[in-house]
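S.K.: Have a look at this prediction, sequence included:
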Amino acid sequence: MNKRFKQWINSALDFVFPQHLKCHSCSKEAAVNEYGICSECEANLAVNPLAERIEFVDEYAAGLFYNDVSKRAVYALKYNGAVYVREFLTHFMCIPADWPIDCIVPVPLHPRREKERGFNQSFILAKSVAERYNISIRAELLKRVRDTSPQVGMNAKLRAKNLNGAFEASPECAGLSVLLVDDVRTTGATLKECASELKKHGAARVYALTACCTPPESN
């Protein structure tokens, strides 16, 4: 099935039949909690207590550790067009009260990749966070200008090399306090490259928030 058509079908079904009787992680039909997951998956959630440092990023936070429960939800969103899982993922994406955010910038996909997928999963997450906090989205402030190789299996050094020069920021970011939003942080290479580019064009501060992050020992 064409990916864009599949995404349209899933979005339409989500609108007509909200996925409140199906777990947003394991997809089993079961009673779910207020953010859409069953009791079995909830018991295995790993809420992220860390605030790790990333070069060029002023402060960073993530909602969940990237384990089997969150991984299934991210996969469903990215590759199956299951937009409804944002309810689960963004429930834990909280902006600390002391972060002075002017706008939210989703980590961009290359236009070719976004056209193939039919959407940018980071924009979907950013939109939910922006609506909750009443903050504007400024996706135009950061573009992906080079289509990079998939980074699965790459170590930190290879990821950094792969992403070099992949993003281009707009001068309109000058003086702004920007919040980058992405789905998963693995080594931090993507957020580092985005933050570096934004600051190079005058962003005053760059914060980052992801739905998930891999545990430090797995990076």
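M.R.: Okay, I see it.
S.K.: Going by residue numbers, what spans are strands in this structure?
M.R.: Remark: strands of the chain, listed N- to C-terminal, are 59-65, 103-106, 142-144, 167-169, 177-185, 205-213; assignment by DSSP state E.
S.K.: Point out where this protein drops to low pLDDT.
M.R.: Counting by pLDDT under 70, the chain contains low-confidence ranges at 1-20, 49-51, 149-151, 153, 217-219.
S.K.: and if we set it to 90?
M.R.: In the predicted model of the chain, residues 1-25, 27-39, 44-53, 81, 84, 146-166, 187, 215-219 satisfy pLDDT under 90.
S.K.: circling back to that earlier point, which among the strands of the chain is found nearest to Arg112?
M.R.: With respect to Arg112, and counting by C-beta to C-beta, the nearest of the strands of the chain is strand 142-144 at 9.6 Å. No exception for glycine: its C-beta is placed from N, CA and C like everyone else's.
S.K.: Now do the closest one: everything it contacts.
M.R.: Contacts to strand 142-144, defined as C-beta atoms under 8 Å, 6 or more residues apart in numbering, come from residues 105, 107-111, 113, 166-170, 173, 194, 197-198.
S.K.: From what I see, Ser170 and His201 are in contact.
M.R.: Yes. Contact between Ser170 and His201 holds when scored by C-beta atoms under 8 Å: they sit 6.8 Å apart.
S.K.: on that earlier part again, turn the strands of the chain into a markdown table, including distance to Ala31 and mean neighbour count.
M.R.: Listed next are the strands of the chain as a markdown table, based on distance: least, C-beta to C-beta, whole Å; neighbours: other C-beta atoms under 10 Å:
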| stretch | distance to Ala31 | mean neighbour count |
| --- | --- | --- |
| strand 59-65 | 21 | 21 |
| strand 103-106 | 32 | 24 |
| strand 142-144 | 40 | 20 |
| strand 167-169 | 43 | 19 |
| strand 177-185 | 27 | 23 |
| strand 205-213 | 23 | 25 |
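S.K.: how about the ones you listed in a markdown table, adding distance to Ile124?
M.R.: Rendered in a markdown table, the data for the strands of the chain read as follows (distance: least, C-beta to C-beta, whole Å):
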| stretch | distance to Ile124 |
| --- | --- |
| strand 59-65 | 15 |
| strand 103-106 | 8 |
| strand 142-144 | 16 |
| strand 167-169 | 19 |
| strand 177-185 | 9 |
| strand 205-213 | 10 |
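S.K.: Of all those, which one is nearest Glu40?
M.R.: Relative to Glu40, the nearest member of the strands of the chain by C-beta to C-beta is strand 59-65, separated by 16.0 Å.
S.K.: Just the buried ones out of the contacts of strand 142-144, please.
M.R.: Buried subset of the contacts of strand 142-144 (neighbour count, 16 or more other C-beta atoms under 10 Å): 105, 107-110, 166-167, 169-170, 173, 194, 197-198.
S.K.: and which of those is nearest Tyr75?
M.R.: Leu109 (16.2 Å).
S.K.: Can you tell me the closest non-neighbouring residue to that closest one?
M.R.: Using C-beta to C-beta, 6 or more residues apart in numbering and skipping the chain neighbours, the partner closest in space to Leu109 is Asn120 (4.8 Å).
S.K.: Also Asp58?
M.R.: Spatial nearest neighbour of Asp58, excluding adjacent residues (C-beta to C-beta, 6+ apart): Arg205 at 4.8 Å.
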